[in-house]
Each structure stands twice: as structure tokens, then as C-alpha cells.
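Asks: Need coordinates for the below:
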Amino acid sequence: MNKKILVLCTGNSCRSIIAEALINAHVKGVRAYSAGVRASGVVNPNAKAVLQKAQIWRDEYHSKTIEEIEDIDFDLVITVCDNAKESCPIFKKKSKVIHVGFVDPDGKEIAEFFKIFDEIKSKLLPIIEKEL
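Replies: Reported below is the predicted structural model:
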């Protein structure tokens, strides 16, 4: 049975989407989801482009609110921005919550999105392996 991970940020348009895709592509035995505490409703086009270039984009990835996934029992919740860390909700299952912050690339050139992609991959994925 796959463990379930939630990656939470503010808009669910850049960092959390990238993290969700990286986890699903590279961490075995895990199903990742993402959501935003104030979801924008739109995936940033640069985030999508980076994931397409890495060939890990799935059409199911979209910006969603916490309410859309609140019935899922997560084994681990990861906040990737300070706002999400401060406003992380309590989930029904007593999920472990950790914070691993990344700079928001929103509004920046695509090169910044590639940097965040590499940073999330090199920093977050080993932490997940350790935490599960």
C-alpha cells in the first residue's frame, strides 16, 4: 500500500506542483498530492513547462484547495512556504508535518523554475525518504 504525502503551499501553482510531480516520479511506494491554503486555481505555465521538459508532467496536476483533498489520510504533510507552515490545517489522521521551505519562483524567468526544480529534487526527496 502506497504512503500518501501532501505538499502544501499558498497558491498551489509552482513549488508544490513541482514537488508533487517529482515525488510521484522518483519516490517508490508513495503517492503525492498537492494543495494550496489559498489555491490560485491555475498551474504556473513555467512550472508546467519545467515538468514537461523533465517528462514528468501529468494532466491530472492542477491547483486545488485543501478542501478538495481533506478526506485523504496523509502519512506526511510537507509545507514548502512559510505561509502554508503558519496556516497548515489539522488533518483527520494525525499526520506528521514537516516544513522544507523553497523560494517562490512565481513572476520570475523560467531559469528560476529550473533552479527550484533542481533544489526540490536534491533537497526534498532525500528528506522524504528519511521521514517515511
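
Asks: From here on, just use CA atoms for contacts and neighbour counts.
Replies: Fine.

Asks: mind listing the helices for this protein?
Replies: Listed in chain order, the helices of the chain (DSSP state H) span 15-26, 45-53, 82-86, 110-119, 125-131.

Asks: Of all these, which one comes closest to residue 101?
Replies: Smallest distance to residue 101 across the helices of the chain (Cα to Cα): 6.9 Å, for helix 82-86.

Asks: which parts of the closest one are buried?
Replies: Buried residues in helix 82-86, defined by neighbour count with 16 or more other Cα atoms under 10 Å: 82, 84, 85.

Asks: Out of these, which comes closest to residue 14?
Replies: So of the buried residues of helix 82-86, ranked by how close each gets to residue 14 (Cα to Cα), first place is residue 84, at 13.5 Å.

Asks: didn't that closest one look like it was pressed against residue 10?
Replies: Yes - using Cα atoms under 8 Å, residue 84 is in contact with residue 10, at 5.6 Å.

Asks: Now for these two: what residues contact both?
Replies: 36, 37 (Cα atoms under 8 Å, 6 or more residues apart in numbering).

Asks: picking that back up, specify which member of the buried residues of helix 82-86 is nearest to residue 41.
Replies: residue 84 (16.1 Å).

Asks: And the residue lying closest to the closest one once chain neighbours are set aside, how far from residue 28?
Replies: Leaving aside its sequence neighbours, residue 84 sits nearest to residue 9 (Cα to Cα, 6 or more residues apart in numbering; 4.9 Å). Note on residue 9: its distance to residue 28, by Cα to Cα, to the nearest Å, is 23 Å.
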